[in-house]
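K.L.:
sharing a sequence plus its predicted fold:
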Amino acid sequence: MPELPEVETVRRGLIPVMEGRRIVKAIQNRPDLRWPLPENFAERLTGTTIERIGRRGKYLLLDLDSGETLIVHLGMSGRFLIYTDGIIRKGADFHQSVGSQSSKHDHIILEIEDGNRAVFNDARRFGAMDLWQTALIGDHKFLSGMGPEPLSNHFNSEYLTKTFANRKVPLKAALLDQRRVAGLGNIYVCEALFDAGLSPTRSAGSLSSRDCSRLVDVIRDVLRRAIDAGGSSLRDFHGASGELGYFQHTFKVYDQEGKKCSKSKCSGTIDRIVQSGRSTYFCAICQR
DNA sequence: CTTGGGTCCTGTGCGC
DNA sequence: TGCGCACAGGACCCAA
């Protein structure tokens, strides 16, 4: 799953191909992704022009000239592949194996007016799509309870202090909760907590306003740096399907179990623990 | 209301 | 080379 930086990278990759262009034909290869697709899904897409591609948290928002917005969540394994003349030209893709067998999980195909095809491929099928009135987009159940965008001014130390007040949940879980802040996932929470010097296991409510202030700063910083790097790609590419993020080469703790802590004066090693079923990586010496 | 655990689905990599 | 198991970037749902 792509987290905010990966979704933002996908958005930026789709804009030159799709924005301002008409969907000549939409093809739906199955009735559902994670949930059932809406009634007449392909018909409602076909013939519309994509006016703008936006993002909210980990959701892509494609505003159509029909007055509806196509909402897309990539889940864990969802990706868009762009084909020109049947050849992959560009992949908004953070996984391996674009080549041979990928068509098996090609669930939604958008034929664009200039001959490009945007193919939504999602092996694990944790992804989701829906159509909703653009004017009421904030009311959609995917978006209505979502916390502030971490790169916006609404996400600040006062807000974080307030939303964490009296919370007993581990800090890690609080940051993964999309209702508190949008777009963070396992990688960037681990990285941000390392940068902040805060333990993932302490309760969210135990943070001082000073801690919250520092946390806001490092979250913004890690997200900005990851976006600049084109996101993180967890496996090596074998196909020739376009640009690949490289932020994974700068991970300080994520997937670094057993390595020496990268803080210069720290003698610790990176630990891996499991919190609510998911791996947490951190340095127990310098994260308190 | 908050919190923790199970669950959906497929693919990959590792130890044996 | 094959097999079984652990694990994967998410988030909903339900029970306590």
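P.N.:
Now that the structure is in, tell me what you want to look at. Numbers count the residues shown, from 1 in each chain, chains lettered A, B, ... in the order given.

K.L.:
mind showing which ranges of the stretch 101-250 of chain A have poor pLDDT?
P.N.:
Residues of the stretch 101-250 of chain A that meet the criterion pLDDT under 70 lie in A:101-102, A:235-243.

K.L.:
indicate the residue of it located nearest to DNA strand C.
P.N.:
residue A:185 (2.0 Å; Cβ to the nearest atom of the strand). All C-beta atoms are positioned from the backbone trio N, CA, C, and that covers glycine.

K.L.:
quick one: contacts for that residue?
P.N.:
Residues in contact with residue A:185 (Cβ atoms under 8 Å, 6 or more residues apart in numbering) are A:1-4, A:58, A:176.

K.L.:
ok, now residue A:71?
P.N.:
Counting by Cβ under 8 Å, 6+ apart, residue A:71 touches A:59-62, A:128-132, A:137, A:140, A:142-143.

K.L.:
residue A:194 now?
P.N.:
Going by Cβ under 8 Å, 6+ apart, residue A:194 touches A:252-253, A:281-283, A:286-287.

K.L.:
widest-spaced pair of those residues?
P.N.:
Of all pairs drawn from the contacts of residue A:194, the greatest distance, 13.1 Å, lies between A:281 and A:286 (Cβ to Cβ).

K.L.:
buried sites along stretch A:193-207?
P.N.:
A:193-196, A:198-204, A:207 (16 or more other Cβ atoms under 10 Å).

K.L.:
now the end-to-end length of it.
P.N.:
Length of stretch A:193-207, first residue to last, Cα to Cα, to the nearest Å: 12 Å.

K.L.:
would you map the helices across the stretch 101-250 of chain A?
P.N.:
Assigned by DSSP state H, counting those that start in this stretch, the stretch 101-250 of chain A shows helices spanning A:157-164, A:171-176, A:186-196, A:209-228.

K.L.:
is any part of the helix or strand following the longest one close to DNA strand B?
P.N.:
This means helix A:209-228. The helix or strand immediately downstream of helix A:209-228 is strand A:270-275, counting by DSSP states H and E. No. For strand A:270-275 and DNA strand B, the contact criterion (Cβ under 7 Å from any atom of the strand) is not met; the two come no nearer than 8.0 Å.

K.L.:
what's the average pLDDT for the next helix or strand after strand A:270-275?
P.N.:
Downstream of strand A:270-275, the next assigned helix or strand under DSSP H and E is strand A:278-283. Mean pLDDT, strand A:278-283: 96.
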